[in-house]
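Colleague: With the sequence up front, the predicted model follows.
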Amino acid sequence: MAIRKGVATFTFLYDDESYTEEDFENFDMADIIEESRSGDMIGHFSSIEYSDVPADVIPDELLALGNDGTFFGDLDEIEHARLDAEND
């Protein structure tokens, strides 16, 4: 199994009488997308980029996303399974 990374850029416009920058400190992406769907904001995914994540940086990528670094389980087992699959 290979681990890949997707980075999406979502651009949105909002009325500053309805929202403040402090409001966004409590929002997550789902909140912003929902506000864009409900008509209080307008937004669009302006880009989505994909890349492979080398096994040695997967824990760091997970930590950067707020995970404890173990989401995909034992990375050595995953790498061995991937190599076995390639050799079959």
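Modeller: Done, it's in.

Colleague: tell me the domain boundaries of the protein?
Modeller: Here the domain parsing of the chain from automatic domain parsing is 1-52, 53-88.

Colleague: gap between the shortest one and the chain center?
Modeller: Domain 53-88 sits 16 Å away from the centroid of its parent chain (Cα atoms, centre = their mean, to the nearest Å).

Colleague: Spell out the residue ranges of the helices in this structure.
Modeller: Using DSSP state H, the helices of the chain run over 21-25, 29-38, 58-64, 75-87.

Colleague: what's the least confident stretch among those?
Modeller: Among those, helix 75-87 carries the lowest mean pLDDT, at a mean of 69.

Colleague: Just give the number of residues close to the residue nearest to residue 61 when sequence neighbours are not counted.
Modeller: Excluding the flanking residues, the one nearest residue 61 by Cβ to Cβ, 6 or more residues apart in numbering is residue 53, at 5.6 Å. All C-beta spots, glycine's among them, are computed from the backbone N, C-alpha and C. Close neighbours of residue 53, defined as other Cβ atoms under 10 Å, add up to 15.

Colleague: which residues touch residue 53?
Modeller: 3, 4, 5, 61 (Cβ atoms under 8 Å, 6 or more residues apart in numbering).

Colleague: Redo these as CSV? Include neighbour count and distance to residue 70.
Modeller: Shown next, in CSV, are these (neighbours: other Cβ atoms under 10 Å; distance: Cβ to Cβ, whole Å):
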residue, neighbour count, distance to residue 70
3, 18, 13
4, 8, 18
5, 13, 17
61, 15, 12
